[in-house]
Structures are given as structure tokens and as C-alpha cells.
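Peer 1: coordinates only, sequence not included:
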Ligand SMILES: CC(C)(COP(=O)(O)OP(=O)(O)OC[C@H]1O[C@@H](n2cnc3c(N)ncnc32)[C@H](O)[C@@H]1OP(=O)(O)O)[C@@H](O)C(=O)NCCC(=O)NCCS
């Protein structure tokens, strides 16, 4: 792992580098504007974006955590491709779970795409399990549901 990794809250100066990390990790989707997602999370008062930085200030990893008033949710879990497999993803999940625990949240949840066996293996190694549910959604502006 990179030396002297610090996990902290995202600052304004980190935004463009964090968006680039998400692009590098193929986490963005055409219907999710990452800058708008960041702005929404920061203004909500019930979410946080945590980033891992190295001594040079590079953004190595991220996690967006949210508290919906009942459960905690993880989004934008990303580790820079050059740092993957070094334990940083595990540390980001632990940091997100710590944020939840401090808010009294008892259950951490996340959504992955069916068939993403690689990411599923990562979460299973951290104690997460699959709960059979049907995820239902609707865009409030009435546009057709995205895949
Ligand atoms: C998924 C991702 C966050 C994992 O981060 P990482 O830094 O590579 O993972 P870590 O090195 O922290 O691995 C933590 C543990 O998970 C295990 N693990 C990782 N991938 C695994 C897999 N496919 N199957 C089984 N175990 C796996 C590791 O062996 C390690 O176990 P250990 O603690 O016993 O040694 C990272 O690969 C990534 O950013 N991928 C691209 C973006 C993405 O898909 N994000 C998830 C969106 S839901």
C-alpha cells in the first residue's frame, strides 16, 4: 500500500481528482452526474464522502456513505487501479462503517450489479451477505427507468 495513507472527509479541492478516480474505476453512469452527486451528498447533512490520500495529496480511494434515517448505505467505493488489492478497499469500508456507527446506524447496505462476481467476493470477504430482495425504483421526473 502507498505510504502514509490518510482517510479524511473530501474537501472542495479534491472534487476533480475524485471524479477522475471514479472514471478510472468505471463507476460513473450517464444518468449520474458525479459532480452533482457530490454536491447533493455534501449539502444533505446525512451523507459524507471519505477519501484516502497519500503524502503527495493524490486521491487513492473513496467511499460515499449515507444515512437514510434508518439504514446506512455505501456508494462510490473506489480504489485507484494501481492500489487495488493492497487492503485499501477494506480500510475504506471500515471508515464508512465507523461513520455509520457514530450516527447510531446498525446496518450497512449497498447495491451491486448482478453478475459482478469480483465485487461480490470483495464484500463477502468483509462479512457482507446477499439478501434476496427486489429493488424497485422510479425517477421522480417520469423518465424511463435506467438499467
Ligand atoms: C472493489 C474494490 C473497492 C476492492 O478494493 P481493494 O483495495 O482492491 O480490496 P482490498 O485489497 O481491500 O481487499 C480486501 C479483502 O477482500 C478480498 N477480496 C478482494 N476481491 C475479492 C474477490 N473477488 N473475491 C474474494 N475476496 C476478495 C481480499 O483478498 C482482501 O481479503 P483479506 O483482507 O483477507 O486479505 C476495488 O477493486 C475497486 O475499486 N474496484 C473498482 C470499482 C468498483 O467496482 N467498486 C465497487 C462498486 S460497488
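Peer 2: Right, received. Where do you want to start? What you see is a predicted model, and the numbers here were worked out from it, not measured in a lab.

Peer 1: could you list the low-pLDDT ranges of this protein?
Peer 2: 1-3 (pLDDT under 70).

Peer 1: in it, which spans are strands?
Peer 2: Remark: strands assigned in the chain by DSSP state E are 6-9, 47-53, 59-67, 72-79, 108-109.

Peer 1: out of those strands, which comes closest to the ligand?
Peer 2: The ligand lies closest, by Cβ to the nearest ligand atom, to one member of the strands of the chain: strand 72-79, at 3.9 Å. C-beta: built from backbone N, CA, C; applies to glycine.

Peer 1: what packs against the closest one?
Peer 2: Packing partners of strand 72-79 (3 or more Cβ pairs under 8 Å, 6 or more residues apart in numbering; DSSP states H and E): helix 15-24, strand 59-67, helix 88-102, strand 108-109.

Peer 1: rerun that using 10 Å as the cut-off
Peer 2: The criterion is 3 or more Cβ pairs under 10 Å, 6 or more residues apart in numbering; DSSP states H and E, and the helices and strands that strand 72-79 contacts are helix 15-24, helix 34-44, strand 47-53, strand 59-67, helix 88-102, strand 108-109, helix 117-125.
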